[in-house]
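K.L.:
Sequence first, predicted coordinates after that:
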Amino acid sequence: MPSGSEATRRAGGVLRLAALLAGAGLLLSFPALAPNPYILSAGITVLNYAVLSTAWSLVGGFTGYISLGHGALLGLGAYGTGLLITKAGLPSFVALAAAAAIVALLAVPVGFAALRVRGASFVIVSIALVLILLLVFQSWASFTGGSRGLVVPRPFPDLTRPEHHRVFFFLFAGLLAAALATWWAIDRSRFGLGLRAIREDEDKAQALGTPTFAFKLAVFVVSAAFTALGGGLYALWFGDLDPVFQFSVLTGAYMVLMALLGGVRHLFGPLLGALIVGWALEWFKLQYGDTPLHLVATGLLLGVVVMFMPDGVIPALSGLLARFRPGEASIREVTAAELPASQARGPRA
Amino acid sequence: MRSLETVELTKSFGGVTAVDAATVAFQDGKVNALIGPNGSGKTTFFNCVTGMIRPDSGRASYRGQDITGKAPHRITRAGIGRSFQLCRVFPRMTVLDNLLVAVRAGGLKAQLTSARDRAEIARARGWLERMGIDHLERAEARNLSWGQQKLLELAGVMMGDPETILLDEPAGGVNPALLERIAGLVRQLNQEGRTFVIVEHNMDLVMGLSDHIVVFDRGRPIAEGPPSAIKSDPRVLEAYLGV
């Protein structure tokens, strides 16, 4: 039955598609519009953040398991790619795919151990993972290069620096599209509904028949694979790895901040968060150089988000917009008088 | 047929033995009640047989199949549904999604198909209608009243199509009219062939609704039988009143 609300919904769908295409068009024209290679490389950094925060939100957003340990998966992806090229002699992009596959495999035992504990315990276990790997990669200098770093050969040695940036901008955009498509596909599936039920009440989800542990582990592996791809692609782009930056609790914290700021319940929440935080980080570095001011700002922002916008910017803004729309009917309470009437409808299941 | 049974089921927390070698058999196709004073181990017993807690020793079986220590979702899939003592729903999900979570889907392919399957939505609406909360299907569960949440929880349990339903204090915090409706629903569902095990403190409800009563005291059954026998059992009076 075609109705007014159906027409509105269809119009909303067309609008959303138009906005999506416009957004994608704007994104893809960025390399052409960027005035200099520095701005372009800042754009790549922001895209990389968007990949990472979207990958993070597959676990943190859907299940509510706040991982500060995604820095470990990122570092493993980056070093895995670099080492597979330099030590095993694999072609760059084969190494990238292989590293992501290895990290996804490693995520099985890691998730098996970490996802058994909930809440604060999970957060602490995830941080421990980053710190352990940092120590390993720093100390095992003969293999990883230690604090001297690991130089990753460029995949396209013939390209000039601006051309190199341009190619990687599109590669990161492609990876982001894949991460967003995965998020979207999970969100609409039964698997996604089960994951959201875990976030709301894990015991209850289990009591309703959701195999919660298998679900958490599966989504953790998918999230790990995307995080590793983000790290590996960064290694190919940047070409120089240092354990301190690759295995950093701070990177994990950035992913959390971006995802929470944008809103983990929305497909584009983590992307929006990455745009804001990524841009702000670059701005602080430009304005104040090598001071810890950007960390202070990050901390303040996280505090503000958690206190005033626990669901992120997108729901806060749409909530604000909704105030100007005509109000919907409020939820009706069932009165005692109505009870026998509805009960008399009899069985119909 | 044999229904839910336990043999010497035991669970301790520190020095407190909450369930103490409890051997219980519930009757298939009947409304069973599990009563007893506060702290007599009823909820712990429920949690042990539904896999939420692993018992220290003893066995639980359902229709002859061993379910001791199995994961909760496996026990649910074996045909046992349960509600929680303080009603639990998914607060930030819509009423309809609350039910769709309980859809049983096996295999990767089924899990990756859309959660909003037309046939399942129709089935969910059937249960919401039966509970009298179908007008709320798009509301977030947290916006429902306590009574509506109780009905939603029951609808969610029913969505899993359990043969046996364990209800933990269905009358807790519920007004008399709603209580009457819940009792009516239990009766109807039982007539359709579903077995109930109900933990409840409201004695009028228990006596009026159940066919078979098991009385717990200090973690083990001290009496069982039809309501008429339980009412006059001196051991039950002693446990409850200390006389």
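P.N.:
Okay, I see it.
K.L.:
ok, which stretches of the stretch 151-300 of chain A are helices?
P.N.:
Here the stretch 151-300 of chain A has its helices, by DSSP state H, counting those that start in this stretch, at A:161-188, A:190-200, A:202-207, A:212-238, A:243-246, A:249-262, A:269-288, A:293-308.
K.L.:
now these in CSV, with mean pLDDT and mean neighbour count?
P.N.:
To be clear about C-beta, it is placed using only N, CA and C from the backbone, and glycine gets the same treatment. Below are the helices of the stretch 151-300 of chain A laid out as CSV (pLDDT from 0 to 100; neighbours: other CB atoms under 10 Å in any protein chain shown):
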stretch, mean pLDDT, mean neighbour count
helix A:161-188, 96, 18
helix A:190-200, 96, 24
helix A:202-207, 95, 23
helix A:212-238, 97, 25
helix A:243-246, 93, 20
helix A:249-262, 91, 24
helix A:269-288, 89, 20
helix A:293-308, 85, 14
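K.L.:
and A:Val97, how many neighbours?
P.N.:
Actually, residue A:97 is Ala. It isn't Val. The local packing of A:Ala97 (other CB atoms under 10 Å in any protein chain shown) involves 17 other residues.
K.L.:
swap in A:Ala316?
P.N.:
By the measure other CB under 10 Å, the count of residues near A:Ala316 is 14.
K.L.:
does chain B sit close to the longest helix seen in chain A?
P.N.:
Counting residues, the longest helix found in chain A (DSSP state H) is helix A:4-33. No - using CB under 8 Å from any CB of the partner chain, helix A:4-33 stays clear of chain B, coming no nearer than 11.3 Å.
K.L.:
Averaged pLDDT, that helix. What do you get?
P.N.:
Averaged over helix A:4-33, pLDDT sits at 87.
K.L.:
thinking again about what came up before, could you dump the helices of the stretch 151-300 of chain A to a markdown table with distance to chain B?
P.N.:
Output for those, formatted as a markdown table (distance: least, CB to the nearest CB, whole Å):
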| stretch | distance to chain B |
| --- | --- |
| helix A:161-188 | 5 |
| helix A:190-200 | 4 |
| helix A:202-207 | 4 |
| helix A:212-238 | 7 |
| helix A:243-246 | 33 |
| helix A:249-262 | 15 |
| helix A:269-288 | 15 |
| helix A:293-308 | 17 |
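K.L.:
mind putting those in CSV, distance to A:Thr63 included?
P.N.:
Below are those laid out as CSV (distance: least, CB to CB, whole Å):
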stretch, distance to A:Thr63
helix A:161-188, 11
helix A:190-200, 5
helix A:202-207, 8
helix A:212-238, 6
helix A:243-246, 25
helix A:249-262, 13
helix A:269-288, 15
helix A:293-308, 18
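K.L.:
for these, which one sits closest to A:Val151?
P.N.:
helix A:212-238 (10.1 Å; CB to CB).
K.L.:
And the residue nearest the centre of chain B, its phi and psi?
P.N.:
With distances taken as CA atoms, centre = their mean, B:Leu166 lies nearest the centre of chain B, 1.8 Å away. Torsion angles at B:Leu166 (phi, psi; degrees, to the nearest 10) stand at phi -100, psi 120.
K.L.:
same deal with A:Thr86?
P.N.:
Main-chain dihedrals, A:Thr86, degrees, to the nearest 10: phi -80, psi -40.
K.L.:
Perfect, I'm done here.
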